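1. pasting the sequence and the predicted coordinates here, then a few questions.
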Amino acid sequence: MVHSLEVLVDGSSPVAPAVVDRRIRHGTAAFRRTNLALFSSGFATFGLLYCVQPLMPDFSRAFGVDAATSSLSLSLTTGVLAVAMLFAGAISDAWGRKPVMLASLLGSSVLVLLTATVHGWWTLLVLRTLLGVTLAGLPAVAMTYLSEEVHGESLGFAMGLYIGGNAIGGMGGRLISGFAADHGSWRFALALIGMLGLLAAALVAKGLPPSLHFVKRRAHPRALLSSFGSLWKDKGLPWLFAEGFLLMGAFVTIYNYVSFRLLAPPYSLSQSHVGAIFMVYLVGVVGSAWIGSIADRLGRRRVLWATLTIMLAGVILTASTSLWVIVGGIAVLTFGFFGGHSIASSWVGKRAAFARAHASSFYLFSYYMGSSVAGSLGGLAWTHGGWNGVVCYAAALVVAGLAIALRLRGLTPSASAS
């Protein structure tokens, strides 16, 4: 028998070269650059998306449109974003992670800057629709980049920081644009947000390390469609997709139209004060982590329905005429929403034994379609029923979500555990 193993002069065998793990670890300069780049990009992405929410009353005045029509400035973006996210991952498989994320930030920032210059409502809507396409490249790819490039022992911290940037960006975009509009104009607000997006793009271009573990793959549309189709054969996943739609629909409805209520008499708040109310987002950031840990201990089936109950209480509280009770209701709604979203999204990942990436993509598709479709329909409730109409509409969405959550309590766990 012939052995290919070499023998050294002294008779010993050579030592195999150690495999060097080049993934990014906590405490290194690369780890700090990665976190700064992706935190700022997450902040910018969701700031660019949600900056128009407190500006909707300004759009109504500037372009002579009603509340439901002004909400299209967000609904069209989230609707297109929902569809584009289904394909952004496949594009990054072919083009690379960092190039897609950088192109996403640059393109989105430029579109928001252009939006600040428009003089026609339909031109604004076209630009906001295109924004949905360009924005999809970052949230769909950033988590994949982190999973590939960051060492497993450091991944949890990095992922948590990125998600925190997303949440704070959603809050910051609303807060900054509201303050800027109050002290300048809606055009100044959008220009400022667009410049912040360009700054984030510069941080990604200069600070984000290039992919070292990315493997280029060609997209196969038929296989992609087959994977999406298989998700509907599961007894739980379609209900969880519907849950994401209803959660986001109710949440965005309240946030979209509360500005119209609070800017008008008897409250007559300034844009800055309305924007400051969105700081209750921080309650949701804390709530998602806390409720998520409870769900880990008690099980998602036992906790999801409770988050919907909390959301319902928050919606009902906003029917009050007291400003402080309204703000408290928004905080309660936000706490319940983030908790429910955290449970539903993680449940999708656990439930999908195969095609987990596609299951998560479809959940996000449903989630953002809730913002787009249900959020716009909430404008009709405001136009025809005032704030009480909005409360009844949002409450109906939450009750439907609660019915699904109660149904899911009897769901048999999948092989990958529910």
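-> Great, that's in hand.
2. what's the local residue count around residue 404?
-> Applying other CB atoms under 10 Å, we find 20 residues neighbouring residue 404. C-beta here means a position set from N, CA and C on the backbone, and glycine is covered the same way.
3. any idea of the pLDDT on residue 81?
-> What the model reports as pLDDT for residue 81 is 92.
4. list the buried ones in stretch 289-306?
-> By neighbour count with 16 or more other CB atoms under 10 Å, stretch 289-306 contains the buried residues 291-292, 294-295, 299-301, 303-306.
5. where helices are concerned, which of the residues you listed count?
-> 291-292, 294-295, 300-301, 303-306 (DSSP state H).
6. can you lay out those as TSV showing distance to residue 192 and pLDDT?
-> Shown next, in TSV, are these (distance: CB to CB, whole Å; pLDDT from 0 to 100):
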residue	distance to residue 192	pLDDT
291	34	80
292	33	75
294	39	83
295	38	80
300	40	83
301	44	87
303	40	91
304	38	93
305	41	95
306	39	95
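7. from the residues you listed, pick the one nearest residue 122.
-> residue 304 (40.7 Å; CB to CB).
8. so what's the closest one up against?
-> 243, 295, 340, 343-344, 347, 405, 408 (CB atoms under 8 Å, 6 or more residues apart in numbering).
9. just flag the most distant two among the buried residues of stretch 289-306.
-> Taking CB to CB, no two of those sit farther apart than 292 and 305, at 15.4 Å.
10. of the ones in helices among the buried residues of stretch 289-306, which is the nearest to residue 330?
-> residue 291 (17.5 Å).
11. how about that closest one: what's its closest non-neighbour residue?
-> residue 339 (3.3 Å; CB to CB, 6 or more residues apart in numbering).
12. list the residues that contact the one you found.
-> 284, 287-288, 290-292, 303, 307, 310.
13. would you map out the domains in the chain?
-> Here the domain assignment for the chain is 27-209, 230-412, based on automatic domain parsing.
14. and residue 291, what does it touch?
-> Taking CB under 8 Å, 6+ apart as the test, what residue 291 contacts is 303, 307, 338-340, 342-343.
15. where does pLDDT dip in the stretch 101-250 of the chain?
-> Counting by pLDDT under 70, the stretch 101-250 of the chain has low-confidence residues at 152-153, 155-156, 159-160, 214-230.
16. one more pass at 80, please.
-> 140, 143-144, 146-149, 151-165, 167, 211-233 (pLDDT under 80).
17. so residue 378 is in which element?
-> helix 375-408 (DSSP states H and E).
18. helices or strands up against that helix?
-> Counting contacts by 3 or more CB pairs under 8 Å, 6 or more residues apart in numbering; DSSP states H and E, helix 375-408 packs against helix 67-70, helix 72-95, helix 237-263, helix 300-317.
19. output the very next helix or strand once past the longest one in PDB with nothing but the alpha carbons.
-> Read that as helix 237-263. With elements assigned by DSSP H and E, the helix or strand that comes after helix 237-263 is helix 271-277. Taking C-alpha atoms only, helix 271-277 is exported to PDB below (Å, rounded to 0.1, in the frame of the first residue of the first chain):
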ATOM      1  CA  GLN A 271     -44.500  69.500  13.500                       C
ATOM      2  CA  SER A 272     -41.700  69.300  16.000                       C
ATOM      3  CA  HIS A 273     -44.000  68.200  18.800                       C
ATOM      4  CA  VAL A 274     -45.800  65.700  16.600                       C
ATOM      5  CA  GLY A 275     -42.400  64.400  15.500                       C
ATOM      6  CA  ALA A 276     -41.300  64.100  19.200                       C
ATOM      7  CA  ILE A 277     -44.200  61.800  19.900                       C
END
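20. mind giving me the packing neighbours of helix 271-277?
-> Under the contact criterion of 3+ CB pairs under 8 Å, 6+ apart, helix 271-277 touches helix 152-183, helix 237-263.
21. can you tell me which of those helices is most buried?
-> Among the helices and strands packed on helix 271-277, helix 237-263 has the highest mean neighbour count (mean count of other CB atoms under 10 Å), at a mean of 25.
22. on contacts alone, who are the packing partners of that helix?
-> Judged by 3+ CB pairs under 8 Å, 6+ apart, helix 237-263 is in contact with helix 56-63, helix 72-95, helix 271-277, helix 300-317, helix 323-351, helix 356-369, helix 375-408.
23. if we go to 6 Å?
-> helix 56-63, helix 323-351, helix 356-369, helix 375-408 (3 or more CB pairs under 6 Å, 6 or more residues apart in numbering; DSSP states H and E).
24. in this structure residue 186 contacts residue 55, no?
-> Yes - contact status for residue 186 versus residue 55: in contact at 4.7 Å, counting by CB atoms under 6 Å.
25. widest-spaced pair of the contacts of residue 291?
-> It's 303 and 338 that sit farthest apart of the contacts of residue 291, by CB to CB, at 13.1 Å.
26. and residue 316, how many neighbours?
-> Residue 316: 16 surrounding residues under other CB under 10 Å.
27. out of the contacts of residue 304, who's the most crowded?
-> Most surrounded of these: other CB under 10 Å gives residue 340, at 33 neighbours.
28. distance check, the nearest residue to residue 255 once chain neighbours are set aside against residue 259.
-> Distances taken as CB to CB, 6+ apart put residue 53 closest to residue 255, at 6.1 Å, once the chain neighbours are dropped. Per CB to CB, to the nearest Å, residue 53 is found 7 Å from residue 259.
29. can I get the contacts of residue 339 in a markdown table including distance to residue 165?
-> Output for the contacts of residue 339, formatted as a markdown table (distance: CB to CB, whole Å):
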| residue | distance to residue 165 |
| --- | --- |
| 284 | 14 |
| 287 | 17 |
| 288 | 14 |
| 290 | 19 |
| 291 | 20 |
| 292 | 18 |
| 303 | 26 |
| 307 | 23 |
| 310 | 25 |
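30. so which of those residues is the closest to residue 180?
-> Among the contacts of residue 339, residue 284 lies closest to residue 180 (CB to CB), at 23.2 Å.
31. list the contacts for that closest one?
-> 334-335, 338 (CB atoms under 6 Å, 6 or more residues apart in numbering).
32. low-confidence ranges in the stretch 251-400 of the chain?
-> 284-289, 292-293, 296, 345-346, 349-361.
33. swap the cut-off to 70 and go again
-> 349, 353-357.
34. gap between the most centrally placed residue in the chain and residue 49?
-> Centroid-nearest residue in the chain: residue 166, 6.6 Å away (criterion: CA atoms, centre = their mean). Look at residue 166 and residue 49: by CB to CB, they are 10 Å apart.
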